[in-house]
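> here you go, sequence then predicted model.
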Amino acid sequence: TVTYNSLVSGLAKAGQMKAACELFDEMEEQGYCPDIYTYNSLFIGFGRTGQLDGLYQFFDKMKQENITPDIVTYNSIISAFEKAGQWKEACELFDQLELAGCFPDVFTFNTLIHGLSKGGQVEQACRIFKSMPLKGCAPDVVTYNSLINGLGKTGKFRRACRLFREMKEKSLAPDVFTYSTMIAVLGKKGEVGKALQLMEEMRIGGCNPNLVTYNILLSVLCKSGKLQTAMEQFRDMSSKGLSPDVVSYNCLLHGFGQAGLTGEALMLFDSMKQSGCIPNVVTYNSLIAGLVREKTPKSARRRVLVVKQVNLPFADDTCDSLAKSYVEFDQVEKACQLMEEMMHSGCAPDVISYNSLISLLCKQGKLEKTFEYLAQMKQRGCCPNVVTYNSIFSRLPKALLVENVYQLLESMKEDGCTPD
RNA sequence: ACAUUUUUAUCAUCUCCUG
(Lines give C-alpha, C1' and ligand atoms only; values in the text may rest on other atoms or scores of the structure.)
Protein backbone atom coordinates (compact mmCIF):
# COMPACT_ATOMS: atom_id res chain seq x y z
CA THR A 1 0.00 0.00 0.00
CA VAL A 2 2.81 2.36 0.87
CA THR A 3 4.42 1.65 -2.49
CA TYR A 4 1.19 2.41 -4.30
CA ASN A 5 0.71 5.51 -2.24
CA SER A 6 4.11 6.82 -3.20
CA LEU A 7 3.37 6.24 -6.84
CA VAL A 8 -0.08 7.79 -6.68
CA SER A 9 1.38 10.76 -4.88
CA GLY A 10 4.10 11.14 -7.48
CA LEU A 11 1.64 11.10 -10.34
CA ALA A 12 -0.77 13.43 -8.59
CA LYS A 13 1.96 15.93 -7.88
CA ALA A 14 2.98 15.82 -11.50
CA GLY A 15 -0.59 16.54 -12.48
CA GLN A 16 -1.02 13.16 -14.19
CA MET A 17 -4.45 12.57 -12.78
CA LYS A 18 -5.54 10.07 -15.37
CA ALA A 19 -2.60 7.83 -14.59
CA ALA A 20 -3.10 8.37 -10.87
CA CYS A 21 -6.72 7.22 -11.08
CA GLU A 22 -5.75 4.20 -13.13
CA LEU A 23 -3.21 3.28 -10.53
CA PHE A 24 -5.85 3.70 -7.88
CA ASP A 25 -8.06 1.19 -9.72
CA GLU A 26 -5.20 -1.21 -10.17
CA MET A 27 -4.50 -0.98 -6.50
CA GLU A 28 -8.03 -2.07 -5.64
CA GLU A 29 -7.93 -4.86 -8.21
CA GLN A 30 -4.80 -6.18 -6.62
CA GLY A 31 -6.62 -6.30 -3.34
CA TYR A 32 -4.94 -3.40 -1.66
CA CYS A 33 -7.08 -0.99 0.27
CA PRO A 34 -6.56 2.64 -0.59
CA ASP A 35 -6.16 4.47 2.69
CA ILE A 36 -6.32 8.05 3.79
CA TYR A 37 -2.89 8.71 2.28
CA THR A 38 -4.04 7.48 -1.09
CA TYR A 39 -7.11 9.67 -1.07
CA ASN A 40 -5.27 12.69 0.19
CA SER A 41 -2.74 12.35 -2.58
CA LEU A 42 -5.50 12.30 -5.14
CA PHE A 43 -7.11 15.37 -3.61
CA ILE A 44 -3.96 17.37 -3.86
CA GLY A 45 -3.59 16.30 -7.48
CA PHE A 46 -7.15 17.29 -8.34
CA GLY A 47 -6.59 20.55 -6.56
CA ARG A 48 -3.46 21.36 -8.49
CA THR A 49 -5.09 20.63 -11.80
CA GLY A 50 -8.27 22.43 -10.88
CA GLN A 51 -10.45 19.35 -11.27
CA LEU A 52 -12.89 19.90 -8.47
CA ASP A 53 -15.35 17.40 -9.93
CA GLY A 54 -12.83 14.60 -9.66
CA LEU A 55 -12.17 15.67 -6.14
CA TYR A 56 -15.83 15.49 -5.14
CA GLN A 57 -16.16 12.11 -6.76
CA PHE A 58 -13.37 10.58 -4.71
CA PHE A 59 -14.45 12.37 -1.59
CA ASP A 60 -17.80 10.59 -1.84
CA LYS A 61 -16.09 7.31 -2.54
CA MET A 62 -13.94 7.82 0.50
CA LYS A 63 -16.96 8.30 2.71
CA GLN A 64 -18.58 5.20 1.24
CA GLU A 65 -15.50 3.24 2.21
CA ASN A 66 -15.89 4.59 5.72
CA ILE A 67 -12.64 6.42 5.75
CA THR A 68 -12.84 9.50 7.89
CA PRO A 69 -11.32 12.61 6.36
CA ASP A 70 -8.55 14.02 8.50
CA ILE A 71 -7.12 17.49 8.77
CA VAL A 72 -4.79 16.85 5.85
CA THR A 73 -7.82 15.99 3.74
CA TYR A 74 -9.52 19.22 4.65
CA ASN A 75 -6.38 21.23 4.15
CA SER A 76 -5.99 19.77 0.69
CA ILE A 77 -9.56 20.59 -0.18
CA ILE A 78 -9.25 24.12 1.15
CA SER A 79 -6.15 24.50 -0.95
CA ALA A 80 -8.02 23.13 -3.97
CA PHE A 81 -10.77 25.71 -3.53
CA GLU A 82 -8.23 28.41 -3.11
CA LYS A 83 -6.42 27.45 -6.30
CA ALA A 84 -9.69 27.48 -8.20
CA GLY A 85 -10.34 30.98 -6.91
CA GLN A 86 -13.18 29.76 -4.69
CA TRP A 87 -12.10 31.43 -1.51
CA LYS A 88 -15.68 31.68 -0.30
CA GLU A 89 -16.10 27.93 -0.42
CA ALA A 90 -12.72 27.59 1.28
CA CYS A 91 -13.92 29.79 4.15
CA GLU A 92 -17.15 27.86 4.48
CA LEU A 93 -15.29 24.60 4.77
CA PHE A 94 -12.99 26.18 7.30
CA ASP A 95 -15.95 27.26 9.41
CA GLN A 96 -17.40 23.76 9.30
CA LEU A 97 -14.19 22.05 10.33
CA GLU A 98 -14.87 21.96 14.00
CA LEU A 99 -18.33 20.57 13.43
CA ALA A 100 -16.68 17.75 11.55
CA GLY A 101 -14.57 17.13 14.61
CA CYS A 102 -11.42 18.48 13.10
CA PHE A 103 -9.27 21.20 14.48
CA PRO A 104 -7.46 23.56 12.17
CA ASP A 105 -3.70 23.36 12.35
CA VAL A 106 -1.07 25.78 11.17
CA PHE A 107 -1.31 24.37 7.62
CA THR A 108 -5.01 25.15 7.58
CA PHE A 109 -4.40 28.73 8.57
CA ASN A 110 -1.54 29.12 6.16
CA THR A 111 -3.53 27.74 3.27
CA LEU A 112 -6.46 29.95 4.06
CA ILE A 113 -4.40 33.09 4.52
CA HIS A 114 -2.63 32.48 1.26
CA GLY A 115 -5.87 31.80 -0.55
CA LEU A 116 -7.58 34.87 0.80
CA SER A 117 -4.64 37.06 -0.14
CA LYS A 118 -4.64 35.73 -3.66
CA GLY A 119 -8.37 36.24 -3.87
CA GLY A 120 -7.94 39.91 -3.01
CA GLN A 121 -9.21 39.48 0.55
CA VAL A 122 -6.17 40.58 2.48
CA GLU A 123 -8.18 42.16 5.25
CA GLN A 124 -10.01 38.94 5.83
CA ALA A 125 -6.64 37.17 5.82
CA CYS A 126 -5.43 39.57 8.52
CA ARG A 127 -8.45 38.82 10.64
CA ILE A 128 -7.78 35.09 10.36
CA PHE A 129 -4.18 35.73 11.25
CA LYS A 130 -5.19 37.59 14.38
CA SER A 131 -7.53 34.79 15.39
CA MET A 132 -4.79 32.19 15.35
CA PRO A 133 -3.58 32.54 18.94
CA LEU A 134 -7.17 32.31 20.14
CA LYS A 135 -7.43 28.98 18.41
CA GLY A 136 -4.23 27.82 20.02
CA CYS A 137 -2.21 27.97 16.88
CA ALA A 138 1.05 29.87 16.62
CA PRO A 139 1.87 31.51 13.30
CA ASP A 140 5.04 30.21 11.71
CA VAL A 141 7.39 31.54 9.03
CA VAL A 142 5.05 30.48 6.27
CA THR A 143 2.16 32.34 7.88
CA TYR A 144 4.19 35.52 7.99
CA ASN A 145 5.54 35.04 4.49
CA SER A 146 2.09 34.64 3.01
CA LEU A 147 0.64 37.61 4.76
CA ILE A 148 3.61 39.86 4.05
CA ASN A 149 3.27 38.93 0.42
CA GLY A 150 -0.46 39.59 0.43
CA LEU A 151 -0.02 42.98 2.02
CA GLY A 152 2.84 43.91 -0.27
CA LYS A 153 0.93 43.01 -3.40
CA THR A 154 -1.87 45.33 -2.42
CA GLY A 155 0.40 48.22 -1.59
CA LYS A 156 0.09 47.99 2.19
CA PHE A 157 3.80 48.39 2.60
CA ARG A 158 3.90 49.73 6.13
CA ARG A 159 1.99 46.80 7.48
CA ALA A 160 4.10 44.35 5.51
CA CYS A 161 7.26 45.86 6.99
CA ARG A 162 5.71 45.81 10.42
CA LEU A 163 5.07 42.10 10.17
CA PHE A 164 8.63 41.55 9.03
CA ARG A 165 9.83 43.33 12.16
CA GLU A 166 7.33 41.50 14.31
CA MET A 167 8.52 38.09 13.23
CA LYS A 168 12.12 38.97 13.95
CA GLU A 169 11.12 40.20 17.40
CA LYS A 170 9.44 36.87 17.99
CA SER A 171 12.73 35.28 16.96
CA LEU A 172 11.11 33.55 14.08
CA ALA A 173 14.00 33.37 11.67
CA PRO A 174 13.16 34.84 8.27
CA ASP A 175 13.96 32.41 5.45
CA VAL A 176 14.72 32.81 1.73
CA PHE A 177 11.04 33.25 1.06
CA THR A 178 10.74 36.02 3.62
CA TYR A 179 13.69 37.93 2.30
CA SER A 180 12.73 37.47 -1.33
CA THR A 181 9.23 38.67 -0.60
CA MET A 182 10.50 41.65 1.34
CA ILE A 183 12.83 42.61 -1.50
CA ALA A 184 9.83 42.64 -3.78
CA VAL A 185 7.87 44.70 -1.25
CA LEU A 186 10.61 47.28 -0.86
CA GLY A 187 11.04 47.45 -4.60
CA LYS A 188 7.38 48.08 -5.15
CA LYS A 189 7.55 50.75 -2.49
CA GLY A 190 10.32 52.39 -4.48
CA GLU A 191 13.02 51.77 -1.91
CA VAL A 192 15.51 50.12 -4.18
CA GLY A 193 18.46 50.93 -1.97
CA LYS A 194 16.85 49.18 0.95
CA ALA A 195 16.13 46.19 -1.23
CA LEU A 196 19.81 45.93 -2.04
CA GLN A 197 20.63 46.30 1.63
CA LEU A 198 18.36 43.42 2.41
CA MET A 199 20.39 41.23 0.05
CA GLU A 200 23.37 41.90 2.29
CA GLU A 201 21.38 41.46 5.45
CA MET A 202 20.20 38.04 4.45
CA ARG A 203 23.68 36.85 3.57
CA ILE A 204 24.91 38.04 6.94
CA GLY A 205 22.06 36.16 8.55
CA GLY A 206 23.30 33.01 6.89
CA CYS A 207 20.55 32.88 4.34
CA ASN A 208 21.82 32.83 0.78
CA PRO A 209 19.83 34.43 -2.01
CA ASN A 210 18.68 31.87 -4.57
CA LEU A 211 17.65 32.18 -8.20
CA VAL A 212 14.22 33.51 -7.34
CA THR A 213 15.68 36.11 -5.00
CA TYR A 214 17.92 37.38 -7.76
CA ASN A 215 15.08 37.36 -10.25
CA ILE A 216 12.98 39.47 -7.94
CA LEU A 217 15.86 41.86 -7.50
CA LEU A 218 16.42 42.07 -11.24
CA SER A 219 12.77 42.80 -11.77
CA VAL A 220 12.82 45.51 -9.13
CA LEU A 221 15.94 47.13 -10.56
CA CYS A 222 14.70 47.01 -14.13
CA LYS A 223 11.32 48.44 -13.26
CA SER A 224 12.97 51.39 -11.63
CA GLY A 225 15.25 51.85 -14.62
CA LYS A 226 18.44 50.93 -12.81
CA LEU A 227 19.76 48.90 -15.68
CA GLN A 228 23.36 49.26 -14.75
CA THR A 229 22.84 47.87 -11.27
CA ALA A 230 20.70 45.16 -12.75
CA MET A 231 23.53 44.09 -15.02
CA GLU A 232 25.89 44.09 -12.08
CA GLN A 233 23.61 41.76 -10.19
CA PHE A 234 23.13 39.67 -13.29
CA ARG A 235 26.87 39.09 -13.43
CA ASP A 236 27.05 38.66 -9.70
CA MET A 237 24.59 35.81 -9.69
CA SER A 238 26.51 33.96 -12.35
CA SER A 239 29.68 34.34 -10.35
CA LYS A 240 27.87 32.81 -7.38
CA GLY A 241 27.03 29.74 -9.39
CA LEU A 242 23.42 30.63 -10.06
CA SER A 243 22.74 30.46 -13.77
CA PRO A 244 20.19 32.99 -14.98
CA ASP A 245 17.01 31.41 -16.30
CA VAL A 246 14.25 32.60 -18.63
CA VAL A 247 12.77 34.79 -15.95
CA SER A 248 16.09 36.51 -15.31
CA TYR A 249 16.47 37.28 -18.98
CA ASN A 250 12.86 38.33 -19.32
CA CYS A 251 13.30 40.90 -16.58
CA LEU A 252 16.29 42.41 -18.31
CA LEU A 253 14.70 42.33 -21.73
CA HIS A 254 11.70 44.13 -20.37
CA GLY A 255 13.93 46.68 -18.70
CA PHE A 256 15.83 47.42 -21.89
CA GLY A 257 12.68 47.55 -23.93
CA GLN A 258 11.02 50.04 -21.61
CA ALA A 259 14.13 52.18 -21.61
CA GLY A 260 13.89 52.40 -25.37
CA LEU A 261 16.96 50.24 -25.84
CA THR A 262 15.38 47.74 -28.14
CA GLY A 263 18.53 47.13 -30.13
CA GLU A 264 20.28 46.18 -26.94
CA ALA A 265 17.37 44.03 -25.91
CA LEU A 266 17.69 42.16 -29.18
CA MET A 267 21.38 41.63 -28.60
CA LEU A 268 20.76 40.32 -25.13
CA PHE A 269 18.13 38.08 -26.67
CA ASP A 270 20.80 36.62 -28.92
CA SER A 271 23.18 36.02 -26.08
CA MET A 272 20.35 34.42 -24.14
CA LYS A 273 19.81 31.87 -26.87
CA GLN A 274 23.52 31.32 -27.20
CA SER A 275 23.73 30.45 -23.54
CA GLY A 276 21.15 27.74 -24.08
CA CYS A 277 18.25 29.48 -22.42
CA ILE A 278 14.97 28.77 -24.20
CA PRO A 279 12.79 31.86 -24.75
CA ASN A 280 9.10 31.62 -23.90
CA VAL A 281 5.99 33.66 -24.71
CA VAL A 282 6.87 36.24 -22.12
CA THR A 283 10.26 36.72 -23.73
CA TYR A 284 8.78 37.38 -27.12
CA ASN A 285 5.99 39.53 -25.79
CA SER A 286 8.43 41.72 -23.90
CA LEU A 287 10.54 42.20 -26.98
CA ILE A 288 7.55 43.08 -29.11
CA ALA A 289 6.23 45.45 -26.44
CA GLY A 290 9.61 47.15 -26.47
CA LEU A 291 9.42 47.65 -30.20
CA VAL A 292 5.98 49.19 -29.84
CA ARG A 293 7.20 51.56 -27.22
CA GLU A 294 10.20 52.82 -29.09
CA LYS A 295 9.59 56.20 -30.61
CA THR A 296 12.62 57.62 -32.26
CA PRO A 297 15.69 55.47 -32.33
CA LYS A 298 18.46 57.12 -30.40
CA SER A 299 21.54 58.18 -32.22
CA ALA A 300 24.29 55.64 -32.48
CA ARG A 301 26.60 57.66 -30.29
CA ARG A 302 24.09 58.00 -27.53
CA ARG A 303 23.39 54.31 -27.61
CA VAL A 304 27.04 53.42 -27.34
CA LEU A 305 27.26 55.56 -24.26
CA VAL A 306 24.36 53.86 -22.64
CA VAL A 307 25.68 50.45 -23.50
CA LYS A 308 29.08 51.19 -22.06
CA GLN A 309 27.46 52.40 -18.90
CA VAL A 310 25.28 49.36 -18.62
CA ASN A 311 28.10 47.05 -19.54
CA LEU A 312 26.29 44.42 -21.44
CA PRO A 313 27.88 41.01 -21.36
CA PHE A 314 28.62 41.20 -25.07
CA ALA A 315 29.83 44.80 -25.02
CA ASP A 316 33.50 44.03 -25.08
CA ASP A 317 33.67 45.09 -28.70
CA THR A 318 35.01 48.45 -29.64
CA CYS A 319 32.69 51.40 -29.73
CA ASP A 320 33.01 51.48 -33.48
CA SER A 321 31.75 48.02 -34.08
CA LEU A 322 28.97 48.61 -31.61
CA ALA A 323 27.94 51.70 -33.43
CA LYS A 324 27.87 49.78 -36.67
CA SER A 325 25.62 47.14 -35.25
CA TYR A 326 23.08 49.80 -34.48
CA VAL A 327 22.05 50.31 -38.03
CA GLU A 328 18.48 51.28 -37.98
CA PHE A 329 16.08 48.41 -38.14
CA ASP A 330 12.47 48.52 -39.01
CA GLN A 331 10.36 47.93 -35.93
CA VAL A 332 7.45 46.44 -37.83
CA GLU A 333 9.68 44.10 -39.74
CA LYS A 334 11.46 43.04 -36.58
CA ALA A 335 8.25 42.46 -34.69
CA CYS A 336 6.80 40.34 -37.48
CA GLN A 337 10.05 38.45 -37.64
CA LEU A 338 9.79 37.73 -33.93
CA MET A 339 6.27 36.42 -34.40
CA GLU A 340 7.55 34.06 -37.07
CA GLU A 341 10.41 32.90 -34.94
CA MET A 342 8.04 32.36 -32.08
CA MET A 343 5.76 30.09 -34.03
CA HIS A 344 8.62 28.16 -35.57
CA SER A 345 10.11 27.46 -32.20
CA GLY A 346 6.88 25.89 -31.04
CA CYS A 347 5.86 28.80 -28.90
CA ALA A 348 2.29 29.83 -29.58
CA PRO A 349 1.70 33.59 -29.68
CA ASP A 350 -1.14 34.59 -27.37
CA VAL A 351 -3.65 37.44 -27.39
CA ILE A 352 -1.09 39.70 -25.86
CA SER A 353 1.46 38.98 -28.55
CA TYR A 354 -1.06 39.82 -31.22
CA ASN A 355 -2.41 42.83 -29.43
CA SER A 356 1.04 44.31 -29.06
CA LEU A 357 1.89 43.69 -32.66
CA ILE A 358 -1.40 45.09 -33.91
CA SER A 359 -0.92 48.12 -31.76
CA LEU A 360 2.41 48.72 -33.45
CA LEU A 361 0.96 48.14 -36.90
CA CYS A 362 -1.86 50.60 -36.32
CA LYS A 363 0.45 53.19 -34.94
CA GLN A 364 2.40 53.04 -38.14
CA GLY A 365 -0.69 53.00 -40.31
CA LYS A 366 -0.10 49.52 -41.71
CA LEU A 367 -3.70 48.75 -42.50
CA GLU A 368 -3.16 45.64 -44.56
CA LYS A 369 -0.91 44.00 -42.08
CA THR A 370 -3.31 44.84 -39.30
CA PHE A 371 -6.07 42.93 -41.03
CA GLU A 372 -3.68 40.18 -41.95
CA TYR A 373 -2.76 39.54 -38.35
CA LEU A 374 -6.30 40.01 -37.16
CA ALA A 375 -7.24 37.18 -39.51
CA GLN A 376 -4.28 35.11 -38.47
CA MET A 377 -5.06 35.32 -34.81
CA LYS A 378 -8.60 34.13 -35.42
CA GLN A 379 -7.33 31.30 -37.55
CA ARG A 380 -5.04 30.16 -34.84
CA GLY A 381 -7.82 30.10 -32.31
CA CYS A 382 -6.71 33.21 -30.55
CA CYS A 383 -9.81 35.31 -30.16
CA PRO A 384 -9.36 39.08 -30.44
CA ASN A 385 -10.71 40.93 -27.41
CA VAL A 386 -11.77 44.44 -26.49
CA VAL A 387 -8.16 45.46 -26.11
CA THR A 388 -7.42 44.37 -29.66
CA TYR A 389 -10.18 46.51 -31.04
CA ASN A 390 -9.56 49.41 -28.74
CA SER A 391 -6.01 49.61 -29.89
CA ILE A 392 -7.13 49.57 -33.49
CA PHE A 393 -9.70 52.29 -32.95
CA SER A 394 -7.42 54.49 -30.96
CA ARG A 395 -4.20 54.12 -32.84
CA LEU A 396 -5.14 53.69 -36.46
CA PRO A 397 -4.90 57.04 -38.28
CA LYS A 398 -8.38 58.53 -38.54
CA ALA A 399 -8.58 58.53 -42.31
CA LEU A 400 -7.94 54.81 -42.44
CA LEU A 401 -10.29 54.16 -39.60
CA VAL A 402 -13.21 55.90 -41.28
CA GLU A 403 -12.89 53.77 -44.37
CA ASN A 404 -12.92 50.54 -42.44
CA VAL A 405 -15.04 51.19 -39.45
CA TYR A 406 -17.96 49.05 -40.58
CA GLN A 407 -15.81 46.10 -41.40
CA LEU A 408 -14.19 46.36 -38.01
CA LEU A 409 -17.47 46.62 -36.13
CA GLU A 410 -18.68 43.59 -38.03
CA SER A 411 -15.58 41.63 -37.13
CA MET A 412 -16.03 42.65 -33.56
CA LYS A 413 -19.53 41.26 -33.50
CA GLU A 414 -18.23 37.99 -34.88
CA ASP A 415 -15.84 37.73 -32.03
CA GLY A 416 -18.53 38.34 -29.49
CA CYS A 417 -16.86 41.50 -28.44
CA THR A 418 -18.80 44.44 -27.03
CA PRO A 419 -17.36 47.94 -27.32
CA ASP A 420 -16.59 49.38 -23.89
C1' A B 1 12.73 2.96 13.90
C1' C B 2 12.50 5.03 9.03
C1' A B 3 9.42 5.93 4.77
C1' U B 4 4.03 7.87 1.50
C1' U B 5 -0.46 13.15 1.92
C1' U B 6 -1.56 19.49 2.96
C1' U B 7 0.67 25.78 3.08
C1' U B 8 4.56 30.59 1.27
C1' A B 9 8.43 34.21 -2.89
C1' U B 10 10.10 35.83 -9.20
C1' C B 11 9.01 37.73 -15.47
C1' A B 12 5.79 40.57 -20.21
C1' U B 13 1.31 42.08 -19.99
C1' C B 14 -1.04 44.38 -24.59
C1' U B 15 -5.30 49.33 -25.96
C1' C B 16 -8.27 53.19 -23.55
C1' C B 17 -9.11 55.94 -18.98
C1' U B 18 -6.95 57.81 -14.30
C1' G B 19 -2.72 59.12 -11.93
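Perfect, thanks for sending it.
> may I ask you to name the longest helix in chain A?
In terms of residue count, the longest helix belonging to chain A (DSSP state H) is helix A:398-414.
> who touches that one?
Residues from elsewhere that reach helix A:398-414, judged by C-beta atoms under 8 Å, 6 or more residues apart in numbering: A:365, A:367, A:374, A:384, A:389, A:392, A:393, A:396, A:419. Every residue, glycine included, has its C-beta placed from N, CA and C.
> show me where the stretch 301-420 of chain A has helices.
Here the stretch 301-420 of chain A has its helices, by DSSP state H, counting those that start in this stretch, at A:319-325, A:331-344, A:351-363, A:367-379, A:386-395, A:398-414.
> most tightly packed of those helices?
helix A:351-363 (a mean of 23; mean count of other C-beta atoms under 10 Å).
> which regions of chain A sit below the pLDDT cut-off?
Chain A contains residues with pLDDT under 70 at A:295-329.
> swap the cut-off to 80 and go again
For chain A, the stretches flagged by pLDDT under 80 are A:294-330, A:419-420.
> give the residue farthest from the middle of it.
residue A:31 (43.5 Å; C-alpha atoms, centre = their mean).
> for it, give me phi and psi.
phi 90, psi 10 (degrees, to the nearest 10).
> that older thread, distance to residue A:195 added to the helices of the stretch 301-420 of chain A, as CSV?
As requested, these are exported to CSV (distance: least, C-beta to C-beta, whole Å):
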stretch, distance to residue A:195
helix A:319-325, 31
helix A:331-344, 32
helix A:351-363, 28
helix A:367-379, 39
helix A:386-395, 32
helix A:398-414, 44
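> how about those helices, which one is nearest residue A:265?
helix A:331-344 (10.5 Å; C-beta to C-beta).
> run the angle between the closest one and helix A:351-363 for me.
When axes from the mean of the first three to the mean of the last three C-alpha atoms, to 10 degrees is applied, the directions of helix A:331-344 and helix A:351-363 differ by 160 degrees.
> off-centre distance for helix A:331-344?
Helix A:331-344 sits 24 Å away from the centroid of its parent chain (C-alpha atoms, centre = their mean, to the nearest Å).
> residue numbers of the stretch 51-200 of chain A in contact with RNA strand B?
Residues of the stretch 51-200 of chain A found near RNA strand B (C-beta under 7 Å from any atom of the strand) are A:70-73, A:75-76, A:79, A:105-108, A:110-111, A:114, A:141-143, A:145-146, A:149, A:175-177, A:180-181, A:184.
> please, a PyMOL command that selects the buried ones among these?
Selection of buried members from those for PyMOL, criterion 16 or more other C-beta atoms under 10 Å:
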select buried, chain A and resi 72+73+75+76+79+105+107+108+110+111+114+142+143+145+146+149+175+177+180+181+184
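> restricted to helices, list the residues of the stretch 51-200 of chain A next to RNA strand B.
Per DSSP H, the subset of those in helices is A:71-73, A:75-76, A:79, A:106-108, A:110-111, A:114, A:141-143, A:145-146, A:149, A:176-177, A:180-181, A:184.
> residue A:34 reaches residue A:28, doesn't it?
Yes: counting by C-beta atoms under 8 Å, residue A:28 is a contact partner of residue A:34 at 6.7 Å.
> which of the two has more neighbours?
residue A:34 (23 against 13; other C-beta atoms under 10 Å).
> tell me the secondary structure for the more buried one?
coil (DSSP: H, G, I helix; E, B strand; the rest coil).
> list the contacts for it?
Here residue A:34 is in contact with A:1, A:4, A:24, A:27, A:28, A:65 (criterion: C-beta under 8 Å, 6+ apart).
> make CSV from those residues and add secondary structure to it.
As requested, these are exported to CSV (three-state DSSP):
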residue, secondary structure
A:1, coil
A:4, helix
A:24, helix
A:27, helix
A:28, helix
A:65, coil
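> please identify which pair of those residues lies farthest apart.
A:4 and A:65 (15.2 Å).
> neighbour count for the two, which is higher?
residue A:4 (21 against 12).
> pretty sure the more buried one is touching residue A:35, no?
No: counting by C-beta under 8 Å, residue A:4 stays clear of residue A:35, with 9.6 Å between them.
> to residue A:279, which of the helices of the stretch 301-420 of chain A lies closest?
With C-beta to C-beta as the yardstick, what comes closest out of the helices of the stretch 301-420 of chain A is helix A:331-344 (8.1 Å).
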